[in-house]
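A.B. asks: Return a 3D structure for these sequence lines:
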Amino acid sequence: MKNFNLSVVFLLFLGLSGLQAQERIPQVEALLEKMTLEEKIGQLNLLTPGGGIATGSVVSEDVEAKIKAGNVGGVFGVSSPERVRQAQELAVKNSRLGIPLLIGSDVIHGYKTTFPIPLGLSSSWDMELIKETAKVAAKEATADGINWNFSPMVDISRDPRWGRVAEGAGEDAYLGSQIARAMVQGYQQDDLTEPHTMMATVKHLALYGAPEGGRDYNRVDMSRTKMFNEYLPPYKAAVDAGVGSVMTSFNDIDGVPATGNKWLLTDLLRERWGFDGFVVSDYTSVNEMIAHGMGDLQDVSAMALKAGLDMDMVGEGFLTTLKKSVEEGRVSEEEITTAARRILEAKHKLGLLDDPYKYSDASRPEKDILTEENRQLARRAATQSFVFLKDHNNILPVSKRAKIALIGPLANDQSNMLGTWAPTGDFKLSVPVLEGFKNVAPNAQITYAKGANITNDSVFAKKVNVFGPKVEISDRSPDELLQEALRVAKASDVVIAVVGEASEMSGEAASRTNIQIPESQKRLIRELVATGKPVALVLMSGRPLDISEEMELPVSILQAWHPGVEAGNAIADVVFGDVNPSGKLTMSWPRNVGQIPVYYGSRITGRPAPTEEFQKFKTNYLDVPNSPLLPFGHGLSYTTFQYSKIKAHSETLRPGDSLMISTTVTNTGERAGQEVVQLYIHDKVRSLTPPKKQLIAFEKIVLQPGESKTVKFSVTVEDLKFYNGQLEYVAEPGEFEFFVGGTSDCEMQGSFTLLE
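C.D. replies: Next comes the predicted model:
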């Protein structure tokens, strides 16, 4: 009997570990004591009244009545202090217990002040800048009544066919983890009860960025070791940073949809990682488990709750089936209580239980939203995100007194400047490139011509234009547009062609198998080059593109992504040389789609190709080299940098100690510039096949012409760890090679040995 009691105590201890052991909040527990089963279930229900930008095909019905009945825990798609106050009054003054609502929104890359798309922001490699953009987004969104954000999206992806690469940080787990942490800290800061902070949601747990075929919502299949080493770290980094909520993904994992996957939501997220917030589904992803083959609505709702899901977004399966499942013994009221507790605890963290109207200050929008200071940050963030892909004959930067032909379907466009997933922004407030050129270079002679449509394919354009006209096909013929552009080009000193994707050619449900610049624009580029005039391309896209043809042409190329509300001013700042481009790619760019996935950290095979030259019976292609067109970490500058004195300050590293690796970087050009110094390692022998290279540190530095700076990286055993075959986080003794440079294709510089 004594042994039995000890066992019970031990089991209770295990059951109270992690989240279960956290101190209960008296205010929350008092509410739970008063709540009926129906009211607890109501807290698990997230609805949208519609009327804003759609994020799915379903809009909730009778939202007001459901709020009054205590059947709603949160809403999204509602903003402004007045509307949020009205929503809160429905809950606080009309429901039995007066529990306030969570007010959510997709604030992905800025609120009204729209910053570059996240893939662009990641190319800045500037964590403080990224944190500052999130901080401003939180200040603006909370001024408009929003207290809960469905961001950051931290899904690793190596497939640019997948449109949602635009929302993430690229291919690398280490860099992605740094960005995940920075964004959570920017949104939440140090105190969620402060009215200018909002709760963040890391998404999409998990592996959403690796769908088969690059097709959105498709299935995902990968080994546990690949998950833990290459895809899961950014989610964990967000959890470690204290993120308040987690959103599940649409895909399956090991054949079980993420929204109903107990291994993912309980075993990994809560028990292994110690997450103590709440988990929300993505848009109707509970209901979508029916199509996955998991059963009817009652089946999948019970499955999701028992797996560890706390809140159902829009689908209302919890609301309509959980009570019946309790009666039939399929779920317990205790499980519902646990989920309701997590929602109420989130409301407590935000201070809503004490002041439901704290985000309804009508004086805030005018002083906090779209301020000149915020727009200046957006302009600076955009300039830092641009990547100078190719330099030809120093065409860029351009003189402010030049005679410029500004040509292209995106050269005088407002609607595409904000980029995908900017539902809270207003594209009519964005600065088009033509306006930006006139602002920055008022003495230049600038002549504009459209030159081409984004695409001439009306069927394709209709698919892109679901949420409004992003691709407009001119009434004028393609030949007429082209001839006008050629006349303008021939009368100029230099041609700046602004080309690429419309904003909704990437993003959610915007996968593409052809990731080249559309043929309408490729023709324009070829003809402009044929004039013999110097041509620079300003390329806009939400993903890496196949620009193999353009890279062979005598043109310079500046990748501008979709830069946000200050697009035109920021592009002009860089084109005219007021700002020196310093962005570095965070996704490798393929030579063609047949190379995908191509990424710098791939594992070494048993038949490696020692050079780019074709060798039979080695791992290579007949038609193109193995290497990407543009590697991870690539990015040029208007100046040049030289690396010297690269060394490890010791030949060995012992656990508990650190090893210094240093390099001296010199600006050898005539302009001040910024360089991202990158440190990679390669574990020569280990129990799992190692990647060719692995980023473990980086630092962005500023150098004046002729200036040198010594950059030092302190390497510890933590930087060398990986998850082995037993999913233990270990560093194995042995030899490590290290690589230092301004891109991932930098050469090996030395080695050191990790001792036992």
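
A.B. asks: mind pulling up the phi and psi values for residue 661?
C.D. replies: In terms of degrees, to the nearest 10, the main-chain angles of residue 661 are phi -120, psi 130.

A.B. asks: Could you check how far it is from residue 737?
C.D. replies: Separation of residue 661 from residue 737 (Cβ to Cβ, to the nearest Å) stands at 11 Å. Backbone N, C-alpha and C define where each C-beta goes, glycine included.

A.B. asks: These two: which is more packed in?
C.D. replies: residue 661 (24 against 15; other Cβ atoms under 10 Å).

A.B. asks: ok now do the more buried one, which residues does it touch?
C.D. replies: Contacts for residue 661 were tallied using Cβ atoms under 8 Å, 6 or more residues apart in numbering; they are 646, 647, 648, 649, 679, 712, 713, 715, 738, 740.

A.B. asks: And residue 151, by the same measure?
C.D. replies: Residues near residue 151 by Cβ under 8 Å, 6+ apart: 106, 107, 108, 134, 183, 187, 200, 201, 203.

A.B. asks: Which of the residues you listed fall within strands?
C.D. replies: Counting by DSSP state E, the part of these found in strands is 201, 203.

A.B. asks: Buried subset of the contacts of residue 661, written for PyMOL?
C.D. replies: Filtering these down to the buried ones (16 or more other Cβ atoms under 10 Å) takes a single PyMOL command:
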select buried, resi 646+648+679+713+715+738+740
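
A.B. asks: okay, and the helix or strand of this structure with the least pLDDT?
C.D. replies: helix 2-15 (a mean of 34; mean pLDDT, DSSP states H and E).

A.B. asks: tell me which strands and helices the helix or strand that that helix is followed by is in contact with?
C.D. replies: Using DSSP states H and E, the helix or strand that directly follows helix 2-15 along the chain is helix 26-34. Counting contacts by 3 or more Cβ pairs under 8 Å, 6 or more residues apart in numbering; DSSP states H and E, helix 26-34 is packed against helix 333-349.

A.B. asks: one step back: which one of the contacts of residue 151 sits closest to residue 512?
C.D. replies: Using Cβ to Cβ, residue 108 comes nearest to residue 512 of the contacts of residue 151, at 20.0 Å.

A.B. asks: how far away is the closest one from residue 197?
C.D. replies: 17 Å.

A.B. asks: And the two? Which one has more around it.
C.D. replies: Between residue 108 and residue 197, counted using other Cβ under 10 Å, the more crowded position is residue 108 (26 against 21).

A.B. asks: Pretty sure residue 167 is one of the things that one touches, is it not?
C.D. replies: Yes - applying Cβ atoms under 8 Å, one finds residue 108 in contact with residue 167, separated by 6.1 Å.

A.B. asks: Quickly find the element holding residue 627.
C.D. replies: Counting by DSSP H and E, residue 627 is found in no helix or strand.

A.B. asks: Overlap of the contact sets of residue 108 and residue 167?
C.D. replies: Common neighbours of residue 108 and residue 167 are listed as 118, 153, 421 (criterion: Cβ under 8 Å, 6+ apart).

A.B. asks: hang on, the last one is in a strand, isn't it?
C.D. replies: No - if the criterion is DSSP: H, G, I helix; E, B strand; the rest coil, then residue 421 is coil and not within a strand.

A.B. asks: Can you check the pLDDT for it?
C.D. replies: Per-residue pLDDT puts residue 421 at 96.

A.B. asks: and if you look at the second one?
C.D. replies: With respect to pLDDT, residue 153 scores 98.

A.B. asks: Check what pLDDT residue 61 gets.
C.D. replies: Residue 61 is given a pLDDT of 82.

A.B. asks: Let me know how buried it is, in neighbour terms.
C.D. replies: There are 11 residues near residue 61, going by other Cβ under 10 Å.

A.B. asks: can you tell me how far it sits from residue 314?
C.D. replies: 11 Å.

A.B. asks: And for residue 540?
C.D. replies: Distance from residue 540 to residue 314, by Cβ to Cβ: 32 Å.

A.B. asks: Neighbour count: those two, which is higher?
C.D. replies: More crowded of residue 540 and residue 314, by other Cβ under 10 Å: residue 540, with 32 against 24.

A.B. asks: Leaving out chain neighbours, which residue sits closest to that one?
C.D. replies: Spatial nearest neighbour of residue 540, chain neighbours left out: residue 500 (3.8 Å); criterion: Cβ to Cβ, 6 or more residues apart in numbering.

A.B. asks: quick one: the strands in the stretch 51-200 of the chain?
C.D. replies: Assigned by DSSP state E, counting those that start in this stretch, the stretch 51-200 of the chain shows strands spanning 74-76, 102-105, 148-149.

A.B. asks: okay, those in JSON lines with distance to residue 214, mean pLDDT and mean neighbour count next?
C.D. replies: Compiled in JSON lines, the strands of the stretch 51-200 of the chain are given as follows (distance: least, Cβ to Cβ, whole Å; pLDDT from 0 to 100; neighbours: other Cβ atoms under 10 Å):
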{"stretch": "strand 74-76", "distance to residue 214": "28", "mean pLDDT": "97", "mean neighbour count": "26"}
{"stretch": "strand 102-105", "distance to residue 214": "28", "mean pLDDT": "98", "mean neighbour count": "25"}
{"stretch": "strand 148-149", "distance to residue 214": "27", "mean pLDDT": "98", "mean neighbour count": "28"}
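
A.B. asks: can I get these in CSV with distance to residue 547?
C.D. replies: Output for those, formatted as CSV (distance: least, Cβ to Cβ, whole Å):
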stretch, distance to residue 547
strand 74-76, 37
strand 102-105, 35
strand 148-149, 34
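
A.B. asks: what's the closest of these to residue 305?
C.D. replies: For those, proximity to residue 305 was assessed by Cβ to Cβ; strand 74-76 is nearest, at 16.7 Å.

A.B. asks: any idea how far that closest one is from the chain center?
C.D. replies: When C-alpha coordinates are averaged (Cα atoms, centre = their mean, to the nearest Å), strand 74-76 and its chain have centres 23 Å apart.
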